[in-house]
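Chemist: model the following, please.
(one chain, ligands or ions: 1)
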Amino acid sequence: MSRRLIIAANWKMNKTPAETAAFLEDFLPRFSGPCGVDVVIAPTFVCLPKAGEMLAGQTAVSLSAQNMSAESSGAFTGEISADMLKSVGVQYVILGHSERRSLYGETDAGINSKVKAALASGLLPILCVGETLEERDGGRIEEVLTTQLTGSLKGIDQSGIEKTVIAYEPVWAIGTGRTATPGQAQEAQAFVRKVLGDLYGAATAANVRIQYGGSAKPANAAELISQPDVDGFLVGGASLEAESFFGIVQAGIDASAT
Ligand code: 13P
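Modeler: Numbering: from 1, shown residues only. I've put the predicted structure just below:
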């Protein structure tokens with residue numbers, strides 16, 4: 001069984017449309033076509049139209065949003081729907097990022113509604129899960145991951161999970177420079193796959209891609225991606241520069257070629 005690697009840039013609240021264009025002018029020429037790895041960038045909402053225009057007609061890099069509403073339209077001030085994202089060329093949407101959970105009060109039930117809305121509209125969810133340092137130190141990793149996965153995936157059927165990417169992002173590794181060791185990432189991600197196996201059967205779980213996120217950078221990417229259950233990365237800080245993000249993509253290209 002081989003899962004196609006998926007390497008995504010989560011720019012968080014960084015870059016204007018002009019800065020997005022400058023990144024892509026530097027980044028896109030590095031690809032002569034599909035590179036064997038799925039490469040995704042997730043700029044802010046206001047940058048999506050510009051990025052969508054620049055990515056149209058090429059097959060190397062796909063576009064993601066960082067969040068969306070579970071609602072399709074109406075009186076929801078400040079929100080954006082799945083169909084609006086699709087209209088500017090978005091294919092993926094990051095859901096349940098730990099910053100959304102901790103800073104904006106997102107719950108597994110709310111995230112579950114968003115996963116359902118994304119799938120219903122044909123967007124591919126990148127569903128984030130991960131424990132805090134306190135939870136890890138308290139020996140609660142498995143409990144936290146099980147709760148987040150079962151809650152966020154409630155009612156999602158087999159065809160839905162097959163379109164969904166899981167991002168394991170230990171909160172203590174995000175933006176801290178403290179990367180999970182390859183062993184820690186593998187152990188947690190094998191557990192994520194076990195939970196998916198309990199929910200959907202081992203054969204289906206074996207096809208789901210699980211990214212690692214948390215201080216991933218070119219210098220640690222090759223070792224992390226050599227782990228059997230690490231199927232790519234969701235990259236924050238190191239994705240903001242084309243050179244650095246491409247270094248991580250290159251680690252994925254090298255890993256998928258071996
Ligand atoms: P950093 O790569 O900056 O640690 O961020 C990880 C992350 O949160 C990606 O979603």
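Chemist: can you classify the residue most central in space within the chain by secondary structure?
Modeler: The centroid of the chain falls nearest to Ile126 when counting by C-alpha atoms, centre = their mean (4.3 Å). With DSSP: H, G, I helix; E, B strand; the rest coil as the basis, Ile126 sits in strand.
Chemist: from what I see, it and Ala8 are in contact.
Modeler: Yes: Ile126 lies in contact with Ala8 (C-beta atoms under 8 Å); the separation is 6.4 Å. The way it works is simple: take the backbone N, C-alpha and C, and place the C-beta from them, glycine included.
Chemist: who touches both of these two?
Modeler: Each of Val40, Ser64, Tyr92, Ile94, Ala167, Gln211, Leu234 lies in contact with both Ile126 and Ala8 under the rule C-beta atoms under 8 Å, 6 or more residues apart in numbering.
Chemist: which residues sit in contact with the third one?
Modeler: Contacts here follow C-beta under 8 Å, 6+ apart; on that basis Tyr92 touches Ala8, Val40, Ala42, Ser62, Leu63, Ser64, Ala65, Leu123, Leu124, Pro125, Ile126, Val165.
Chemist: contacts only, for whichever residue of the chain sits closest to the ligand.
Modeler: For the chain, the residue closest to the ligand is Gly236, as judged by C-beta to the nearest ligand atom, at 2.3 Å. Contact partners of Gly236, counting by C-beta under 8 Å, 6+ apart, are Asn10, Trp11, Lys12, Ile174, Gly175, Gly213.
Chemist: try it again with 10 Å
Modeler: Listed by C-beta atoms under 10 Å, 6 or more residues apart in numbering, the contact set of Gly236 reads 9-12, 14, 97, 99, 169, 174-175, 213-216.
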